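K.L.:
Structure for the following, please:
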Amino acid sequence: MEQRSYVVDEANDGVRIDKYLALLMEECSRSYIQKIIGDQSVCVNGKAVKANFKIHTGDAVMIELPDPVILDIQPENIPLDILYEDQDILIINKPKNMVVHPAPGHYTGTLVNAVMYHCGEDLSTINGVLRPGIVHRIDKDTTGVLVICKNDRAHRAIAEQLSVHSITRAYYAIVYNNIKEDEGTVDAPIGRMDADRKKMGINHKNGRHAVTHYRVLERFGKYTYIECRLETGTDTSDPCAYGQYRPSAAGGYCLWSV
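P.N.:
Alright, predicted model coming up:
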């Protein structure tokens, strides 16, 4: 186990501990920082704190980083639809029915298994051993373009562009019901549905802020073909990114997306 210690300077007086650590530990993702704080591995002046704790000048911050977990994720010779590649990034058209990264029940046949075979050790490590090279994702049932990062410098650069929305992301989807408006904006929190935890939809209690702009491309009676452009969050903020028959805040149900 690795231990790190810091003393808060005047420039960071009143800053939240999670934001403070994100500045100091650039090699770690924010989700990882949130996790170690939640595991009570971050102490300020000898006491474990929560992510929203505000630090002050002179505070002593102690961090215990757990030893990395070694998982046996194997490279697999799976064909990839490569759109572009250079020494820093790999742009791939992910097919439907392929999981992006290993997870319980899906430790083989994923995009990560495939890019590990293609890239060898040339993948970013910021998101850990289960997500080497992965800076953003789309769901198993969704087809679309993904950027794979071959090193941490490229990963940080792409993550920053996603954060400030200088990269435009769009989905094309067919939704159930004929949307009356030609275009509009969905501003509703997206989270797991209480009735079925495997499905995502509007959840005002526990959902995350999500804004998606949509534009009607064509109408098919009870179905509407639309373009969705994301404004907030990750790819999963889009109500149509969850696959077949998920509730759509645009006024219907997402049948499929490409």
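K.L.:
Kindly list the main-chain dihedrals of the nearest residue to residue 184 once chain neighbours are set aside?
P.N.:
Nearest residue to residue 184 in three dimensions, chain neighbours excluded: residue 214, at 6.0 Å (CB to CB, 6 or more residues apart in numbering). No exception for glycine: its C-beta is placed from N, CA and C like everyone else's. In terms of degrees, to the nearest 10, the main-chain angles of residue 214 are phi -130, psi 150.
K.L.:
Could I get the contacting residues of residue 214?
P.N.:
Residue 214 makes contact with 179, 183, 184, 185, 186, 226, 227, 228, 229, 250, according to CB atoms under 8 Å, 6 or more residues apart in numbering.
K.L.:
Buried subset of those as a ChimeraX selection?
P.N.:
Selection of buried members from those for ChimeraX, criterion 16 or more other CB atoms under 10 Å:
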select :179,184,186,226,228,229,250
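K.L.:
Looking at the contacts of residue 214, which is nearest residue 141?
P.N.:
residue 228 (15.2 Å; CB to CB).
K.L.:
which one's the longest helix in the protein?
P.N.:
Counting residues, the longest helix in the chain under DSSP state H turns out to be helix 152-164.
K.L.:
what packs against that helix?
P.N.:
Applying 3 or more CB pairs under 8 Å, 6 or more residues apart in numbering; DSSP states H and E, one finds that helix 152-164 contacts strand 144-149.
K.L.:
Output the strand it packs on as PDB, nothing but the C-alphas.
P.N.:
Below are the C-alpha coordinates for strand 144-149, written out as PDB (Å, rounded to 0.1, in the frame of the first residue of the first chain):
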ATOM      1  CA  GLY A 144     -20.800   4.000 -33.100                       C
ATOM      2  CA  VAL A 145     -17.400   5.600 -33.100                       C
ATOM      3  CA  LEU A 146     -15.100   5.300 -30.100                       C
ATOM      4  CA  VAL A 147     -11.700   6.900 -29.500                       C
ATOM      5  CA  ILE A 148      -9.100   4.600 -27.900                       C
ATOM      6  CA  CYS A 149      -6.100   6.300 -26.300                       C
END
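K.L.:
What angle do helix 152-164 and that strand make with each other?
P.N.:
Compare the direction of strand 144-149 with that of helix 152-164 by axes from the mean of the first three to the mean of the last three CA atoms, to 10 degrees and you get 140 degrees.
K.L.:
Contacts for strand 144-149, please.
P.N.:
Strand 144-149 is contacted from outside by 83, 88-94, 100, 111, 115, 119, 123-124, 133-138, 155, 158, 171, 257-258, using CB under 8 Å, 6+ apart.
K.L.:
Before I go, just wanted to say thanks for your time.
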